[in-house]
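*Asks:* here is my input; please provide its structure:
(one chain, ligands or ions: 2)
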Amino acid sequence: MAAIDLIQPTDSCLHITWDDGVESWYPWLWLRDHAHDEATIHPVTQQRQLDTASLPPDLRATSAIADDSVARLTWQGNAEVSEVPVDFLRRFRTPQTARLGAAPSAVVWDAASISELAVRVAFDSVMGTDDGVRQWLTTIARYGFAIVTGTPTTTSATEDLIRRVGYVRETIFGGFWEFTADLSKADLAYTNVHLSAHTDGTYSHDAPGLQMLHCLYFDGTGGDSTLVDGFKIADVLRATEPELFAVLSTVAIPGQYIGDGAHLMSARPVFRHDHSGALVQVSYNNSDRAPFLLPADEMAQLYEALRAFDRLANSESMQWRQVLQPGDALLFDNWRVLHGRYAYTGKRTLCGAYLNHEDFESRLRMLE
Ligand code: OGA
Ligand code: ZN
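*Replies:* Numbers count the residues shown, from 1 in each chain. Ligands and ions are numbered 1, 2, ... in the order given. As a prediction, this is how the structure comes out:
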């Protein structure tokens, strides 16, 4: 852990040289804005109580001293002193754009690299201990999905399981749902036909973050569930078809849902990146795409890009594929992993729910 070697006020910044050679520049306004006194930041909620905009723009400290744990700054004019912990300064040694720092980093996978063993957690461990929940959610953060085994095949046990992560999200389908083939519904999920790789909620501005599917009953043939790592598709396309990757990262594609008294619409690129350029969401649902027309050359290029994406999304070499057995509760990151299902015969009943992505991230932060 680096320690402060040299601390020097300059006109605009506090300049710190760390004993490993790293140099940091902290602007005076930033230091005042992040002073660790109660009038600046509430000690419990960490909410800012300071009126930042009313600080003098030319604020500067006349002296700065630090020991091992805290830096003390004396402000020009009123001689007021602010304290900033050295740990806090260390956390921001190198400037970078906003980081949310929730989850462990994603490990991308394809059919060959995904290992069965790494993605299963026992129901009792998840229900009984926070460590079980941590293991469960960490697995999802890494691989985009996990299976809780030995889940009692009742809707109430499945609901209890979901509530270990967060509250259930209400959508047009309700909150916690149970479905079997039902042709009166407006959605393909209620049929027994093949469902190719897709994400849910391309018609929602905030697509469901996580989706649970728990098979309660199956007596029939077929019905294999499939998952594909959308981040892996992105890696492959970025490396092999950079122009198509750029198209999928910039062209907004509208999705819609018409039925159950609703007409939902939203639009975003297949690959959505955040302010730092990191890929944060994959959205793809050929069934739910709404009509739109771009200039002819752009439209042709988009179809080419969608074709390349779809080929990877439905390729066996990319797929995790398994018939969900009663008791296997699959929870996956719908912002990353595409899911599908082979056609089946017989009777199959699933229950599940959606969770918001931010609630999953929050639970992980709380467990850390
Ligand atoms: C869905 C879906 C898969 C299945 O409900 O969105 O894709 O296994 N279902 O029935
Ligand atoms: Zn689906």
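*Asks:* from here on, contacts and neighbour counts on C-alpha atoms
*Replies:* OK.
*Asks:* okay, Phe292 and ligand 1: tell me how far apart.
*Replies:* 23 Å (C-alpha to the nearest ligand atom, to the nearest Å).
*Asks:* chain neighbours aside, what residue packs nearest to that residue?
*Replies:* Pro254 (7.5 Å; C-alpha to C-alpha, 6 or more residues apart in numbering).
*Asks:* and that neighbour, that's in a strand?
*Replies:* Yes. Judged by DSSP: H, G, I helix; E, B strand; the rest coil, Pro254 forms part of a strand.
*Asks:* burial measure for it, as a count.
*Replies:* 19 (other C-alpha atoms under 10 Å).
*Asks:* ok, now Ala308?
*Replies:* 16.
*Asks:* mean confidence for the strand or helix carrying it?
*Replies:* Under the criterion of DSSP states H and E, Ala308 resides in helix 296-313. Mean pLDDT, computed over helix 296-313, is 98.
*Asks:* only alpha carbons, please: show that helix as PDB.
*Replies:* Extracted C-alpha coordinates of helix 296-313, given in PDB (Å, rounded to 0.1, in the frame of the first residue of the first chain):
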ATOM      1  CA  ALA A 296     -31.000   1.900 -48.000                       C
ATOM      2  CA  ASP A 297     -27.200   1.500 -47.600                       C
ATOM      3  CA  GLU A 298     -27.500   1.700 -43.800                       C
ATOM      4  CA  MET A 299     -30.400  -0.700 -43.700                       C
ATOM      5  CA  ALA A 300     -28.400  -3.200 -45.800                       C
ATOM      6  CA  GLN A 301     -25.500  -2.900 -43.500                       C
ATOM      7  CA  LEU A 302     -27.700  -3.400 -40.400                       C
ATOM      8  CA  TYR A 303     -29.100  -6.600 -41.900                       C
ATOM      9  CA  GLU A 304     -25.600  -7.800 -42.500                       C
ATOM     10  CA  ALA A 305     -24.700  -7.000 -38.900                       C
ATOM     11  CA  LEU A 306     -27.800  -8.700 -37.500                       C
ATOM     12  CA  ARG A 307     -27.100 -11.800 -39.600                       C
ATOM     13  CA  ALA A 308     -23.600 -12.000 -38.200                       C
ATOM     14  CA  PHE A 309     -24.900 -11.500 -34.600                       C
ATOM     15  CA  ASP A 310     -27.700 -14.100 -35.000                       C
ATOM     16  CA  ARG A 311     -25.300 -16.700 -36.500                       C
ATOM     17  CA  LEU A 312     -23.200 -16.500 -33.400                       C
ATOM     18  CA  ALA A 313     -26.100 -16.200 -31.000                       C
END
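*Asks:* in the helix or strand that it is followed by, which residues are buried?
*Replies:* Once the chain leaves helix 296-313, the next helix or strand it forms, by DSSP H and E, is strand 319-322. Buried positions in strand 319-322, judged by neighbour count with 16 or more other C-alpha atoms under 10 Å: 319-321.
*Asks:* repeat that for stretch 49-62.
*Replies:* 50, 59-61.
*Asks:* chain center to that stretch, what's the gap?
*Replies:* Centre-to-centre, stretch 49-62 and its host chain are 35 Å apart (C-alpha atoms, centre = their mean, to the nearest Å).
*Asks:* how long is that stretch from one end to the other?
*Replies:* 24 Å (C-alpha to C-alpha, to the nearest Å).
*Asks:* which other residues reach it?
*Replies:* With contact meaning C-alpha atoms under 8 Å, 6 or more residues apart in numbering, stretch 49-62 is reached by 9, 11-13, 28-29, 33, 38-42, 73-76.
*Asks:* which pair in those residues spans the largest distance?
*Replies:* Spanning the widest gap among those are Asp11 and His42, at 29.0 Å by C-alpha to C-alpha.
*Asks:* who in the chain is up against ligand 1?
*Replies:* Contacts of the chain with ligand 1, taken as C-alpha under 6 Å from any ligand atom, map to 189, 200, 225, 340-341.
*Asks:* what residue ranges in the protein score low on pLDDT?
*Replies:* Within the chain, the segments meeting pLDDT under 70 span 102, 116-117, 181-190.
*Asks:* quick check: Leu89 is in a helix.
*Replies:* Yes. Judged by three-state DSSP, Leu89 forms part of a helix.
*Asks:* numbering from 63 from now on, please.
*Replies:* Sure thing, new numbering starts at 63, so read that last one as Leu151.
*Asks:* what's the burial count for it?
*Replies:* By other C-alpha under 10 Å, neighbour count at Leu151 equals 19.
*Asks:* Val342 now?
*Replies:* 12.
*Asks:* correct me if wrong: it contacts Asn396.
*Replies:* No. Contact status for Val342 versus Asn396: not in contact, 11.0 Å apart, counting by C-alpha atoms under 8 Å.
*Asks:* list residues touching both of these two?
*Replies:* Joint contacts of Val342 and Asn396 (C-alpha under 8 Å, 6+ apart) do not exist.
*Asks:* count of neighbours near Gly317?
*Replies:* Using other C-alpha under 10 Å: Gly317 sits among 24 other residues.
*Asks:* same check on the one 10 residues further on?
*Replies:* Other residues within reach of Met327, judged by other C-alpha under 10 Å, total 18.
*Asks:* okay then, goodbye and thanks.
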